[in-house]
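Asker: Sequence and computational prediction follow.
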Amino acid sequence: FVVVVVVFSSWLLIVRMRSSLPSFVVVCFAIHVLLAPLLFVNSNGSVVNATRVGSASSSSKSSVEHVRIGIKHKPEKCPRKATKGDIIFIHYKAYLAATSVVFDSSFERGAPLQVTLGEGHVVPGFEQGVLGMCEDEVRILQVPASLGHGEAGIPPTVPPNSALRYEVELVLFKPFIKSEL
């Protein structure tokens with residue numbers, strides 16, 4: 001909706017200024033470039049919620065890099081969300097963000113990945129992106145290279161410094177139960 005209002009306002013401004021169609025196209029493109037990183041679109045073309053989760057980058061820059069989380073499907077009821085210590089069973093497709101090439105998929109193996117959250121068995125961005133998920137929730141995760149496979153990558157499948165995109169579906173989780181020994 002915001003994009004439509006901005007585009008229409010830009011069109012009105014250009015028409016009032018009696019500018020040409022190429023100017024309108026340039027303004028629309030600029031708006032798209034500025035807003036596209038903030039939006040996620042699901043398979044039927046509708047915009048879904050997006051949030052950021054992040055930690056400081058390990059590089060010499062003082063910037064903070066974030067995992068962007070788009071919610072593609074959220075169940076109506078969510079009695080409990082996944083937290084550190086929980087054992088989760090999660091289906092995923094892993095893509096190179098630059099090319100959208102799938103480099104790994106639990107769907108192709110026919111079984112979800114089993115992970116204990118907080119133990120570092122997956123890349124930090126994946127783990128950050130699935131914290132707080134409900135069973136049957138589907139998310140799209142945009143993971144910067146620093147929170148993915150980093151400078152090393154996984155040659156030849158994942159080039160060094162590659163941003164990643166994951167589509168994840170939490171199938172089941174077993175809540176962490178603190179034992180008193």
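Answerer: In hand now; what should we look at? Residues are numbered from 1 along each chain as shown.
Asker: in the chain, which spans are helices?
Answerer: Applying DSSP state H to the chain gives helices spanning 2-16, 21-35, 106-109, 124-130.
Asker: Which strands and helices lie in contact with the shortest one?
Answerer: This points to helix 106-109. Using 3 or more C-beta pairs under 8 Å, 6 or more residues apart in numbering; DSSP states H and E as the contact test, the elements touching helix 106-109 are strand 87-96. (C-beta placed from N, C-alpha, C; glycine too.)
Asker: in its sheet, what does the strand it packs on sit against?
Answerer: strand 102-105 (antiparallel), strand 113-116 (antiparallel), strand 164-174 (antiparallel) (DSSP bridges).
Asker: so where is this protein shaky, pLDDT-wise?
Answerer: For the chain, the stretches with pLDDT under 70 are 1-64, 178-181.
Asker: How about the contacts made by Ser106?
Answerer: 90-93, 112-113 (C-beta atoms under 8 Å, 6 or more residues apart in numbering).
Asker: Likewise for Met133?
Answerer: 81-82, 88, 139, 168, 170.
Asker: Same question for Ser105.
Answerer: So Ser105 contacts 92-94 (C-beta under 8 Å, 6+ apart).
Asker: Just the buried ones out of the contacts of Met133, please.
Answerer: 82, 88, 139, 168, 170 (16 or more other C-beta atoms under 10 Å).
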